[in-house]
Structure formats: C-alpha cells, structure tokens
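Colleague: build me a model from this:
(one chain, ligands or ions: 1)
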Amino acid sequence: MSPDFVQEPPELHNQYDRDRVLQSYARRQFSESDLKTIEPELSDLGEKAGGELYDLQKKDIGKEPTLTRWGPWGDRVDEIEVTDVWKRAEQLAAERGIVATAYEQEHGAQSRVHQMLLAYLFIPSTDMYGCPLAMTDGAARTLLDSGNDAVADEAVPHLTSRDPDTFWTSGQWMTELSGGSDVGQAHTTARQDDDGTWRLHGRKWFTSAITANMALALARPEGNPEGGDGLALFYVPIRDDAALRDGIHVNRLKDKMGTRKLPTAELELDGAVAHPVTDDLQHGTRHIAPMLNVTRTWNAVTAAALIRRGLALARDYAQKRVAFGDEIINHPLHQETLADVQATLEGTFHLSFRLAELLGATETGEADASEAALLRLLTPVVKLTTAKRAVSATSELLEAFGGAGYVEDTGLPALHRDAQVLPIWEGTTNVLALDLLRALKNVGSIAPLNREVRRCVEAIEAPTLTEAVRPAIHAYRDAAQWLKQAINDGDDAMQAGARRFAMTIGHTLELLYTARHAQWSLHTEQDGRSAEAAQRLAARQINHIADLDPHGAYVLVWDFNCPTLFDCHAQGDGATIEEPALDSLTDVM
Ligand SMILES: Cc1cc2nc3c(=O)[nH]c(=O)nc-3n(C[C@H](O)[C@H](O)[C@H](O)COP(=O)(O)OP(=O)(O)OC[C@H]3O[C@@H](n4cnc5c(N)ncnc54)[C@H](O)[C@@H]3O)c2cc1C
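Modeller: Predicted structure coming up:
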C-alpha cells in the first residue's frame, strides 16, 4: 500500500431515498394519494439530512454550547450560545413543521406518523435537537388536553408554528436533586403573592434545552401534602425576547457523557412567575402525563433514527474500507454483523412507529377503547425496548469502523454517547417496567395486548414467517402466565420480574411487527428483505421470563454467601423440565 494512503471517509446520501425500511413502511401506511403529497417532503428532508445538515454537523464537531453568567458591568445575564447546527435546526424545524405537522392533522390520525417520519430524518442530522422538539410537542399536547384555554391560546400557536420568528420551544422541569424517577420528592415550592401571582422557588437539577421560551414545571403549592399528589403543574414563560425572566438563574450547564450540543442546565428558581395549568392545584404528575406519552414516543423514534444513521455510515464505509484484500463489505462475517444490526433497526423502527400510529389514533379520537389502552401499555414497553437496542446497536456500529469509530473527530463516538441517554431520561428502564405493571393495573386486563398479538399473528401467512414468529408466541404466553403467577405471589415478585416481563413483551412485539411488515412486503413488493430481518430477530432471545428466585438477587447484590442456595443448585430439586407444547394462543387469551 502506498505510504500516501488516505482513507476515504463514509458519506451519507439522501436519507429518504436510500432507506428501504422507511420507504416501504410509508407505502404500507399511507394511501397512494397521501403518499404523493408526503413523499416529496420526505425526500427533500432526506436530501438535507444527508447533505447540508450532515456537512454542517461535521464542521460543528467538538463545538459546544456556552453559558455566560455575567455581563461586562456586573449584571447577571445567563446567556446561552448554541452551536451552528442547533441554530440551523431551530429554523428548519419550524419551517418543515417537525412539530406542527402533528397538529395541523392534514392526514387525520396518520399525521402523527407523518410527523414522526419527518422527525426520524431530522433527528440524527441535528445533534439531538429532537430533545427540545419532543418537549415542545409534549407541551402542546399537554396544554391542549388541560382545558386551560388561556394558557393554551397563549402558547400553543407558538409551539406549533411554522414561522421561525414566532416558533417557541418548551422545556419540562421535573427532576430535582432529590429525585428524577421519584419526582414526588420535589422541593420546589409555589407561593402566591397578594395579587394572586404564583412564583416558584427551588432548584431544578436537569433542565434540557434551557434555550426554550417556556417550560412546564412541577412545584408544590405551599401547604400541599408531600409526595407526587401534592405537586401542581405550572406554565412558566422563561424569556422576554432573548433574556431570561426575573427569578430564573442558570447555575451551570451539565458536563455530560453525550448530548453535548444540548444545553442541560441546573436552575435556581427565585420567584419565577408561573401560571397553574389546571384548576386542580394537585396531581401534577398525572397532569403532565400527556407530555411523557409524547416524549417517550420521540425517544423511541430517536432510538431507531440513531441506529439508522450509524448503519447508513457503516454500510457506506464497508464499501470503501479494504482489509485482507477486499472491501470489508465482502467479508461474510462483516456482512453478518451489519445484517444483524439491520434486523435490530427494522424491529426498533416498527415498534416505534406502531406507537406513533396509536398516539395519532388516540389524539384524533379515532382509537377505540382497546387501542387507547394499548397505547398506555405500549408506551413504556416501546420506550424501554428501543432505548436498550439503540445502545447496543450503536456500540456495534462504532466497532464496524474499527479504530476510527473510537476517534472523536470522525463524529462517530457521539452517536453511541447520545444513544446512551435514551434509556435514562423520560424514565429509566426499571421505572418504565414498573410503569407497565401500573398501566396493566389501570387498564385492568391484558386483553388489549392479547388482541394486538393476535392481530399480528393472523396477518402472517408465509410459512417462513409463521415459523419465525413461533418463539414470540411462546414467549408471550410465558409472559402472560408469569403475570398471573406474580399477581398471586405479591408485590415483591411483581417488581423483581417487571423488567424481564417488559423486555419479553417488547421483544415479542418487535418480532411480530417486523414479521407483519415482512408479510406485507413479500406480498405487495415481492421483497424478502424484511422477512430475512424477522428471521434474524426470531433467532435472538425473546423470552426473558425465567423463574429466578428474588432471594438470589438479594444475595448477589448484598454479596452474602448463602449455603441454602448452594444446596439447592448442587442437588437440584428433582423437577423434570417439560418440552413446551406449541399450542394455539387461546389458552392465555
Ligand atoms: C442528559 C439529560 C437530560 C435531562 N433532561 C431533563 C429535563 O429536561 N427535565 C427533567 O425533568 N429531567 C431531565 N433529566 C433527568 C432524567 O429524567 C432523570 O435523570 C431520570 O428520570 C432518572 O432520575 P434520577 O437521575 O433521579 O435517577 P434515580 O431515580 O436516582 O435512579 C437511580 C437508579 O435507580 C433505579 N430505580 C429508581 N426507582 C426504582 C424502583 N422503584 N425500582 C427499581 N429501580 C429503581 C433507576 O432505574 C436507576 O437505575 C435529564 C437527564 C439527563 C441525563
């Protein structure tokens, strides 16, 4: 090899035109006439994502937002300067209606899907600008659902504007030093002046996209009880023009592992003016739930989008990088590796967009009660499953670039570091697994999930796909049986198994949705690639329901020796393991 050798870098092209999964899904989801209007928009954004925005991202590598706390004459300014990608992203997000599309509802319930397809293209080229957009979207939904017309009329037209000059973004201020999962521990108080004005006092520990114009915040009106029920939901206008309003101070920006373009602040609230969103000055955690439904859907779409970005680059690179006398894409084992990530992408994509479909149907009133309940059940499942997939897939994708994947100025490590936030914010994996159990309790039945599984199974006809989904059917049946047993065994057993249960449901649906799409694609497009992806997903562990003794976890975590466990393992309990019969689904449904 010449000593002057220079490696050709990976390139992106039009991120819609080159995305088979995205195009195929859009064809399945939209009528021909709707697709005619949507497709040019997607293709144009795909061009920007792989062109102008990607070029800007490369120039922006290493740059970070800055906080200037003091002005030249001693005045407290707390000015935040974001980097070029973010400046462009804010303008483009408004113009392209990345939030607005969901509220203009030109395609009814499908408008959510339309919007999320735009977001899917936009997110990976704008360095997590999806975070403020998710919260903006969530705030619009929450205010519209709140019944508070005054506040909704003031803020929603800005949150859903297509004009960059009038477009607002929103933050969500919940987490405090004392608790993020357990926000009921919040200390921020709300006090009322004599003239009736509410003011907030306290510290918010993680407030992302502090460049926002407004926030929805949780605070405890003085005299309210402890715990989550004692919190109320407030609308906080953050800025007058560019300047922060009185009573809001940025103590510092977080020095984070990833999402480094996203200014996440620690805030001091010292009399910030706020407006109650609901007449009920309690139950803030319940009143902010619409925000979380929306942001968790964004989280899932972001997971798929980050995997897709890494894969698009890795596939291009594999055609340029030569090892052992051939482009690495021609080495069977490298092909296997990328194919496996492609299967992950397809599963993650279909899980995320199923959630978007249900969200759209529910908010336009087109969902029946069972679908609305399904949305409630699937939101935690899809968020937690896709987030974990994004972390493992982006790790694999960095490796696909060898050493280059570990070097900062390629821009690649940021993909994995950004993905690592997805299982943490908007509810950790454990918190969401427990939320699924809470949702099942509220819904009062597993029937909406049963129906969903059945719908998928019934849509699948091709023998290879029927065979491929068998492990999912088995896993689902075991999960349903575990639930029945755990309800009898009590709260500790339920909690200990919650993550395994949620993961089993997530991986079951991931396979079923991929197989259902594969069936459509085989039939309509004569394309067997999604079926190949489904078969790969079927070969993975889907069933995470294992009969593990919670006492074993206690022993391991506290590091106690436990002779009784030794006896149990050494001698066995004499039970024989029966081969599971491949029954129909009816016995659990
Ligand atoms: C980059 C970034 C940006 C963020 N932006 C915002 C923002 O804009 N607004 C905002 O309000 N918050 C924001 N957050 C905060 C985020 O939502 C919280 O960090 C998250 O919800 C977890 O809360 P915590 O940090 O208090 O962790 P903890 O609640 O202390 O969790 C610690 C561990 O305990 C586990 N755990 C907790 N409870 C249970 C339980 N009952 N059973 C089993 N396991 C449990 C968790 O799963 C976790 O693994 C942001 C966080 C990050 C990293």
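
Colleague: contacts for the longest strand anywhere in the chain, please.
Modeller: Using DSSP state E, we find that the single longest strand of the chain is strand 264-276. Here strand 264-276 makes contact (CB atoms under 8 Å, 6 or more residues apart in numbering) with 67, 80, 151, 173, 188, 190, 197-210, 217, 219, 232-237, 245-254, 256. C-beta: built from backbone N, CA, C; applies to glycine.

Colleague: of the residues you listed, just the buried ones, ChimeraX syntax please.
Modeller: In ChimeraX syntax, the buried subset of the contacts of strand 264-276 is picked out as below (16 or more other CB atoms under 10 Å):
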select :67,80,151,173,188,190,198,199,200,201,202,203,204,205,206,207,208,209,210,217,219,232,233,234,235,236,237,247,248,249,250,253,254
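
Colleague: so what's the residue of the stretch 101-250 of the chain found nearest the ligand up against?
Modeller: Nearest residue of the stretch 101-250 of the chain to the ligand, counting by CB to the nearest ligand atom: Gly180, 2.2 Å away. Counting by CB under 8 Å, 6+ apart, Gly180 touches Met174, Trp205, Phe206.

Colleague: now do stretch 45-54: distance to the chain's middle.
Modeller: Relative to its chain's centre, stretch 45-54 lies at 22 Å (CA atoms, centre = their mean, to the nearest Å).

Colleague: start and end of it, how far apart?
Modeller: 12 Å (CA to CA, to the nearest Å).

Colleague: list the buried residues for that stretch?
Modeller: In stretch 45-54, counting by 16+ other CB under 10 Å, buried: Leu45, Gly46, Glu47, Lys48, Ala49, Gly50, Leu53, Tyr54.

Colleague: got the residues of the chain near the ligand?
Modeller: Neighbours of the ligand within the chain, by CB under 6 Å from any ligand atom: 171-175, 179-182, 206-208, 256, 259, 264, 421, 424-425, 427-428, 430-431, 434.

Colleague: what about 5 Å?
Modeller: 172, 174-175, 180-181, 206-208, 259, 264, 421, 424-425, 428, 430 (CB under 5 Å from any ligand atom).

Colleague: quick one: the strands in the protein?
Modeller: Using DSSP E, strands in the chain cover 66-70, 76-81, 170-173, 189-192, 198-208, 214-221, 232-237, 239-240, 243-244, 248-253, 264-276, 322-323, 326-327.

Colleague: to Thr379, which of those strands lies closest?
Modeller: Ranking the strands of the chain by proximity to Thr379 (CB to CB) places strand 170-173 first, at 15.9 Å.

Colleague: tell me the centre residue of this protein?
Modeller: Asn299 (1.5 Å; CA atoms, centre = their mean).

Colleague: so it makes contact with Leu422?
Modeller: Yes - with contact defined as CB atoms under 8 Å, Asn299 and Leu422 form a contacting pair (5.7 Å).

Colleague: what is in contact with the two at once?
Modeller: In contact with both Asn299 and Leu422: Thr386, Ala387, using CB under 8 Å, 6+ apart.

Colleague: which residue sits closest to Ala265 in space, ignoring its chain neighbours?
Modeller: Among residues not flanking Ala265 along the chain, Ile210 sits closest, at 3.9 Å (CB to CB, 6 or more residues apart in numbering).

Colleague: which phi and psi does the one you found have?
Modeller: phi -70, psi 0 (degrees, to the nearest 10).

Colleague: how about the one 3 residues further on?
Modeller: Note on Asn213: backbone dihedrals following degrees, to the nearest 10 are phi -90, psi -20.

Colleague: could you list every residue that touches it?
Modeller: With CB under 8 Å, 6+ apart, Asn213 has these contacts: His158, Trp168, Thr169, Ser170, Pro237, Ile238, Arg239.

Colleague: tally of neighbours for the fourth one?
Modeller: Yep, that's Ser170 we're talking about. 30 (other CB atoms under 10 Å).

Colleague: again, but for the second one
Modeller: For Trp168, the count of nearby residues is 23 (other CB under 10 Å).

Colleague: quick check: it vs Tyr235, distance?
Modeller: From Trp168 across to Tyr235, the span is 12 Å (CB to CB, to the nearest Å).

Colleague: which residues are common contacts for those two?
Modeller: Contacts common to Trp168 and Tyr235, judged by CB under 8 Å, 6+ apart, are Ala155, Met214.

Colleague: between the longest strand of the chain and strand 232-237, how many degrees?
Modeller: Angle, strand 264-276 to strand 232-237, by axes from the mean of the first three to the mean of the last three CA atoms, to 10 degrees: 110 degrees.

Colleague: give the buried residues for strand 264-276.
Modeller: Going by 16+ other CB under 10 Å, strand 264-276 has these buried residues: Thr264, Ala265, Glu266, Leu267, Glu268, Leu269, Ala272, Val273, Ala274, His275, Pro276.

Colleague: and which of those residues is nearest to the ligand?
Modeller: Of all those, Thr264 has the smallest distance to the ligand: 4.6 Å, by CB to the nearest ligand atom.

Colleague: and the gap between the closest one and Gly179?
Modeller: Distance from Thr264 to Gly179, by CB to CB: 17 Å.

Colleague: and the pLDDT for Ile238?
Modeller: Reported pLDDT at Ile238 in the predicted model: 97.

Colleague: residue contacts, it?
Modeller: Gly171, Ile210, Ala212, Asn213, Met214, Ala215, Leu244, Arg245, Ile248 are the contacts of Ile238 under CB under 8 Å, 6+ apart.

Colleague: try 7 Å
Modeller: Going by CB atoms under 7 Å, 6 or more residues apart in numbering, Ile238 touches Ala212, Asn213, Met214, Ala215, Leu244, Arg245, Ile248.

Colleague: dump those to JSON lines, plus pLDDT.
Modeller: Shown next, in JSON lines, are those (pLDDT from 0 to 100):
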{"residue": "Ala212", "pLDDT": "97"}
{"residue": "Asn213", "pLDDT": "97"}
{"residue": "Met214", "pLDDT": "98"}
{"residue": "Ala215", "pLDDT": "98"}
{"residue": "Leu244", "pLDDT": "94"}
{"residue": "Arg245", "pLDDT": "95"}
{"residue": "Ile248", "pLDDT": "97"}
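
Colleague: format those as TSV; extra columns: distance to Ala468.
Modeller: Formatted as TSV, the contacts of Ile238 follow (distance: CB to CB, whole Å):
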residue	distance to Ala468
Ala212	45
Asn213	48
Met214	47
Ala215	46
Leu244	55
Arg245	56
Ile248	54
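
Colleague: ok, for Leu53, nearest residue in space, not its chain neighbours?
Modeller: Ser125 (3.8 Å).

Colleague: circling back to that earlier point, among the residues of the chain next to the ligand, which two are most distant?
Modeller: Pairwise over the residues of the chain next to the ligand, using CB to CB, the maximum falls at Thr207 and Asn430, 23.1 Å.

Colleague: is the residue nearest to Pro221 when sequence neighbours are not counted bridged to anything, and to what?
Modeller: Residue nearest to Pro221 in three dimensions, not counting chain neighbours: Ala190, with 4.6 Å by CB to CB, 6+ apart. Under DSSP bridges, the beta-bridge partners of Ala190 are Leu200, Pro221.

Colleague: separation between Ala190 and Leu233?
Modeller: 10 Å.

Colleague: who's in contact with the residue in the stretch 451-589 of the chain that the ligand sits nearest to?
Modeller: In the stretch 451-589 of the chain, the residue found nearest to the ligand is Gln495; the distance is 6.4 Å by CB to the nearest ligand atom. The contact partners of Gln495, taken as CB under 7 Å, 6+ apart, are Leu434.

Colleague: check what pLDDT it gets.
Modeller: For Gln495, the predicted pLDDT is 95.

Colleague: surely Leu231 is in contact with Gly284?
Modeller: Yes - shown here, Leu231 and Gly284 form a contact pair, counting by CB atoms under 7 Å, at 3.7 Å.

Colleague: mutual contacts of the two, please.
Modeller: Contacts common to Leu231 and Gly284, judged by CB under 7 Å, 6+ apart, are Leu218.
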